[in-house]
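# based on what follows, work out the 3D shape:
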Amino acid sequence: MAEFSKLYLTTKGQALVAKIIAGQASLVFTKVCTSSKTYAESQLENLTALEQIQQSNSVTRVTITNQTSVKVETAFTNEALAAGYYLRSLGLYATDPDVGEILYAVCVETSGYCYMPAYNGVTVSSAYIQIYTTVGNSDDVDISVYSGAYATVEDIEALEDEIADLKGFIGYSDNDIYGLEVDFVNKKSTRLAGAVDKAGGTAFDGIRAFGGRKRCIMTADGVVLAYQGDEAYTTGGSLLQAVEKGGVTYAIGTLVQVMVEQPKFYYKVVPLLLEEVFDGDGNSQGYKAKKIRYYVSDVYKKGFKVHPQFICNGKENEYIYKSAFEGCLYDVSASAYILDDDQVADFTVSTGDKLCSIANAKPVSGLTQNLTRAGARKLAENMGNGWEQQYAATLAGTQLLMAIEYGTFNSQSAIGQGNVNKTDDGSTNMAELTGATVNLGNASGEAENANHIKLVSYRGEENLWGNIWKWEDGFNIQNPAGFTTGMYGAVYVADHGFTDDTGATPYEDTGIRVPYTTGAYIAAFGYSEEFDWLFVGVAFGGSGVTSSVPVGDYTYNGDAGWHVARSGGMWDYALGAGIFCRSLYYSSSDHARSYSGRSVFIPSRKAELDAA
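Numbering: from 1, shown residues only. So this is what the prediction gives:
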């Protein structure tokens, strides 16, 4: 790699700077030259020209970096080079209005290994040059460049970014990009790019982000032993036959969790129309989307990002795993799954009971036991390193896929209402047993159980809405004192290091603010550039906002102080439930018969904790 000395202003360069400071000239850079001559740094200030010039190119870009300095860029290739040379020095030239073109500044290459080879007719070599130089006053720099200059790598990357942004606004036409435009004002959703003319379901099976989702069984160590359809696959929580994997034999009776394998995908969000929100005192409370586009792709596209559910503490995953079913309890002391929500949970860290994902179990609840969000977190993490309960990013990933696949935010109209129409008895956990959708396998839809109640599944994840509230980790909100109508709470999220009642690291302020509401249908989601993947209701009710459009789900946010998140709704939430339904109403100390949890497994988190 080439290494250069500091850049020395020549005597003539210093004279030009003096004229600029005096207001007698502006600075126009003309070219950059390479030389094979070796200079001592002590010589540079007095040079008036470079000797043994090998190549010369016009300046391709001038960028003002601060009031007294600029960045000058150019590039060289060997396409016209008959003989190779060692680059020993660089000269930056400029125009002095009194004397013409001058050598403005010089630096020397110090490693001795910077060689530009001759062109061999096959391989083109290039050098991208950035020079930072003092100019006296950057307001007096002419930032025009010569049209014949080479485009630098940075120029090309900037152009690609601009094209990607433009495509986002105009609309992608690529068949391997799948999108949805949502007009919150006119309550209208439109399929985009490869999703045009597709209906949710089998039409998306060939797309890895969607059809690559597969139910599987996994050990506590994160080893996948079988997939839906394999002979060894089971949903009862333990192996019914021995399985050999990676040279290890897993015996009959080995505990396994039913999970959904989610392959990595890329996403892009394009806000077409945003509205800044203000409180009654004129203080900004972030932005709400009025018209916005969402895209996903199996492969990287310029301007797309890896969805954050695949990134945990900065480490990327090719796959993550989400529970197929709502959580039940595994009683370590009894070596048995608790199938009836008996309130016997041991919340001891590491050695206590575990949050599980199996069929034919009543979801665990906090009827009398301390199944707070923190309590559910302990049970999930007790399964082993890499296990957590669902959190903001993992839920958002499924929300995004469902919306794009079905062309709507309304999961109930697209797939089914779920268990949401019971009359609450006011005293018991009225959730139905898990596993009604076992025969749906990896498909989406609804299935009727023995009680003639229809339960729902989105591509393997059963009851993401309805049946019982699910804790959502990595999502904290702080509402101000005296919280009431017209006031807003601040949303903080994290992808690891989960805890309650804080916005401190690793939690980050999303810039999204949720107003006080005792419960209403979502009219618009909040938006911030860094957290564009997050679906949080920030506007509610109003003309045309119903149980169907634009989202069809409720949000609740009340009371001052720190609060935690629950998702999906419960057995009596009717049309207010849904995959985007969220309650921010209760504190971290709350537990109830209507609160449960579900687990996720993140491979990189296991590797990180195993190595700690």
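# what separates F347 from K378, distance-wise?
Using C-beta to C-beta, to the nearest Å, one obtains 5 Å as the distance from F347 to K378. Where you see a C-beta, it was placed from the backbone N, CA and C, and this is true even at glycine.
# more neighbours, the two?
Neighbour tally, F347 and K378, criterion other C-beta atoms under 10 Å: the higher count belongs to K378, 22 against 17.
# which helices and strands sit right next to the strand or helix carrying that one?
Using DSSP states H and E, the secondary-structure element containing K378 is helix 373-381. Helix 373-381 sits against strand 354-356, strand 387-389, strand 469-479, with contacts defined as 3 or more C-beta pairs under 8 Å, 6 or more residues apart in numbering; DSSP states H and E.
# mind putting those into a markdown table with distance to C107 and mean pLDDT?
Conversion of these to a markdown table gives the following (distance: least, C-beta to C-beta, whole Å; pLDDT from 0 to 100):
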| stretch | distance to C107 | mean pLDDT |
| --- | --- | --- |
| strand 354-356 | 61 | 98 |
| strand 387-389 | 52 | 98 |
| strand 469-479 | 48 | 98 |
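# need the winner for burial among those strands.
Across the helices and strands packed on helix 373-381, the average number of neighbours (mean count of other C-beta atoms under 10 Å) peaks for strand 354-356, which reaches a mean of 28.
# quick one: contacts of that one?
Counting by C-beta atoms under 8 Å, 6 or more residues apart in numbering, strand 354-356 makes contact with 237, 257, 327-330, 332, 337, 364, 376, 379-380, 382-383, 387, 389, 597-599, all of which sit outside it.
# distance from the chain centre to that strand, please.
Taking C-alpha atoms, centre = their mean, to the nearest Å, one finds strand 354-356 lying 27 Å from the centre of the chain it belongs to.
# those helices in the stretch 201-350 of the chain, which residues are they?
Secondary structure of the stretch 201-350 of the chain (DSSP state H, counting those that start in this stretch): helices located at 208-211.
# scratch that, the stretch 1-150 of the chain
Using DSSP H, counting those that start in this stretch, the helices assigned to the stretch 1-150 of the chain run over residues 11-21, 41-44.
# mean confidence score for the shortest one?
Right, helix 41-44. The average pLDDT within helix 41-44 is 94.
# send the alpha carbons of that helix over as PDB?
Coordinates of the C-alpha atoms in helix 41-44 are reproduced here as PDB (Å, rounded to 0.1, in the frame of the first residue of the first chain):
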ATOM      1  CA  GLU A  41      11.000  16.500   2.100                       C
ATOM      2  CA  SER A  42      13.300  19.500   2.700                       C
ATOM      3  CA  GLN A  43      13.200  20.300  -1.000                       C
ATOM      4  CA  LEU A  44       9.500  20.300  -1.500                       C
END
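# tell me the buried residues in it?
L44 (16 or more other C-beta atoms under 10 Å).
# where does the stretch 151-300 of the chain dip in pLDDT?
Scanning the stretch 151-300 of the chain with the threshold set as pLDDT under 70 gives 151-160, 162-163, 166, 169-170.
# so how far is the helix holding K378 off the chain centroid?
On the basis of C-alpha atoms, centre = their mean, helix 373-381 sits 24 Å off its chain's mean C-alpha point.
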